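Peer 1: 3D, please:
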Amino acid sequence: DQGARLEFLAEQGLRLVMADLSMEGEETLHFFNPRDEETIHLTARGDQRLLDESSKYFPEAHRWRELLEGGEIKDSDFGPSAALLVRDGLLLQVGGGRVQNVYEVAREYPQAAMYGKRAREAGFLLEKSGGLEGVARGIAFIQALEEARGVKVPEAALALRTALLEITRVFYHLMWISRASTVLRRQAVADRCASLRIHLGLRMLDWLGDPLGRGWIVPGGVREDFPMREIPETVDRLASAASLWEEIRPAVLKLAVPGWATRKLRPTVEDARSGGWVGPLARAVGLDRDARVEEPGVYAAVGWEVEKPLEKDGLLRRMIGVRVYEISSSLVVARRILSDLTGGKLLVKRGRGGKGEGFGRCEGPEGEVGCHLSTGKGRVAGMTLSLPHELNRSAACSLQGAWMDEVDVLSLLWETPAGPRKG
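Peer 2: Numbers count the residues shown, from 1 in each chain. Below is the predicted model of the structure:
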């Protein structure tokens, strides 16, 4: 009885972290078990409808069903003179200066280009094509691959992966705050954040040949030619970046959010759950969603702790506060990891006991990134990704009825720092 099983999982405090659909139409649900700090996978067979049944016990299932099944839009939904605007996977119907209707019309499928690729090549392509989220996508993919192959990653390599991910988080949040400052008409703050991001990017380029440190994380650990000798200098440069950030931080925390946005954006924790929100957006609402807390690993070893935002602030101000804190804490975590490294093996080339299927996840800058992977003859046979910005895009319901000059502010909730793709 799948219903009874799902009800039991919910009673035990498990969380639905991802759902996917195989080429044969079979649904698989992935749950995190906080008690044992493990992920449990439940696959429907035949004509079973796990996702429909799970929505009775897991609010997040509603959002996953939206993403997997999509919605049908007919020409009759629009009048003959309807004005339509495409914006980051959304179709906005506009009239009288307001957004009349919001439709979700597109998804990102980076995994489509990975099928049939050799596993290491697929990881490299995924990381390079993922932009600011590429490192997180690459780590989730490689974790899934390592589980599929039964590979145990050396501790030094896990630490370096975490340091690179945290530096990427700083880069991402600086870019988001820079864009938010521009939207909120505080260009001086935006310019200072952009300058710090460029400063950090140049330091990473000197060290690893890439502003985001891409290309070093590989199946089994990190590349054996990782430039370890330059780590002390990098720690000093990160300390310099942290000092510059502390000078900018007070101005960021003083960013003024329009009163109308504070009044309009008043979601509850239940709204966030049913919307599938993750990352800084979820944490700004008060929802505990952080893979670093659920599976702490290296984070526990360096003493990292999550900070809850002030409840009295509006949603956008709380979201700014979350990102401000994470820039500071990520710089601390990266420096501690790199300062404490004492050498050790960086790469394991073979595993044992793998079953050809695996799951990986990590807390990317915008939220939890998950990857469900199957392999065959060393190549990617099947793959699904959980992308935070697509989950968070359910917040676009706030655009309904908004004036067009309010859209940029409201869209800060879910759009990436690169800004909207319009049409």
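Peer 1: Buried ones in stretch 274-289, by neighbour count?
Peer 2: 274-285, 287, 289 (16 or more other C-beta atoms under 10 Å). Where you see a C-beta, it was placed from the backbone N, CA and C, and this is true even at glycine.
Peer 1: Likewise for stretch 387-407?
Peer 2: If you call a residue buried by 16+ other C-beta under 10 Å, then stretch 387-407 has these buried ones: 387-396, 398-399, 402, 406-407.
Peer 1: Grab the two from the residues you listed that are most spread out in space.
Peer 2: 387 and 406 (25.7 Å; C-beta to C-beta).
Peer 1: Can you report phi and psi for residue 38?
Peer 2: For residue 38, the backbone dihedrals (degrees, to the nearest 10) come out as phi -140, psi 160.
Peer 1: how close does it sit to residue 31?
Peer 2: Residue 38 sits 9 Å away from residue 31, going by C-beta to C-beta, to the nearest Å.
Peer 1: Look at the two and report which has more neighbours.
Peer 2: residue 31 (20 against 10; other C-beta atoms under 10 Å).
Peer 1: Model confidence at that one, what's the number?
Peer 2: Looking at residue 31, its pLDDT reads 95.
Peer 1: what's the answer for residue 115, then?
Peer 2: pLDDT for residue 115: 88.
Peer 1: What count of nearby residues applies to it?
Peer 2: So residue 115, with other C-beta under 10 Å, has 13 neighbours.
Peer 1: Report the contact partners of residue 258.
Peer 2: 184, 409 (C-beta atoms under 8 Å, 6 or more residues apart in numbering).
Peer 1: go again using 7 Å as the cut-off
Peer 2: The contact partners of residue 258, by C-beta atoms under 7 Å, 6 or more residues apart in numbering, come to residue 409.
Peer 1: Please apply the same query to residue 204.
Peer 2: Each residue near residue 204 by C-beta under 7 Å, 6+ apart is listed here: 167, 210, 211, 212, 213.
Peer 1: and these, which of them are in helices?
Peer 2: Applying DSSP state H to the contacts of residue 204, the entries found in helices are residue 167.
Peer 1: And what about residue 343, helix, strand or coil?
Peer 2: coil (DSSP: H, G, I helix; E, B strand; the rest coil).
Peer 1: On the pLDDT front, check it for me.
Peer 2: With respect to pLDDT, residue 343 has a value of 79.
Peer 1: Next: residue 323.
Peer 2: pLDDT for residue 323: 96.
Peer 1: Return the distance of it relative to residue 157.
Peer 2: 28 Å.
Peer 1: What is the subsequent helix or strand relative to the helix or strand hosting residue 382?
Peer 2: Per DSSP states H and E, residue 382 falls inside strand 379-386. Next along the chain after strand 379-386, taking DSSP H and E as the criterion, comes helix 388-392.
Peer 1: May I have that following helix exported as PDB, CA atoms only?
Peer 2: Presented in PDB, the C-alpha positions along helix 388-392 are these (Å, rounded to 0.1, in the frame of the first residue of the first chain):
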ATOM      1  CA  PRO A 388      16.500  25.600  -7.400                       C
ATOM      2  CA  HIS A 389      15.400  28.500  -9.600                       C
ATOM      3  CA  GLU A 390      12.700  26.400 -11.200                       C
ATOM      4  CA  LEU A 391      11.300  25.400  -7.900                       C
ATOM      5  CA  ASN A 392      11.400  28.900  -6.600                       C
END
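Peer 1: neighbours of the closest residue in space to residue 336 that isn't next to it in sequence, just the number please.
Peer 2: Nearest non-adjacent residue to residue 336, counting by C-beta to C-beta, 6 or more residues apart in numbering: residue 302, 4.3 Å away. Residues contacting residue 302 under the criterion other C-beta under 10 Å number 19.
Peer 1: which strand of the chain spans the most residues?
Peer 2: strand 367-376 (DSSP state E).
Peer 1: Not counting stretch 353-362 itself, show me its contacts.
Peer 2: Against stretch 353-362 from outside (C-beta under 7 Å, 6+ apart): 17, 30, 39, 41, 136, 139-150, 165, 291, 368-376.
Peer 1: Show me just the buried residues among those.
Peer 2: For the contacts of stretch 353-362, buried by 16+ other C-beta under 10 Å: 17, 30, 39, 136, 139-149, 165, 291, 368-375.
Peer 1: Next, the contact list for residue 410, please.
Peer 2: Shown in contact with residue 410 (C-beta under 7 Å, 6+ apart): 261, 398, 399, 402.
Peer 1: from memory residue 295 sits against residue 39, does it?
Peer 2: No. Counting by C-beta atoms under 7 Å, residue 39 is not a contact partner of residue 295; they are 8.9 Å apart.
Peer 1: All set now, cheers.
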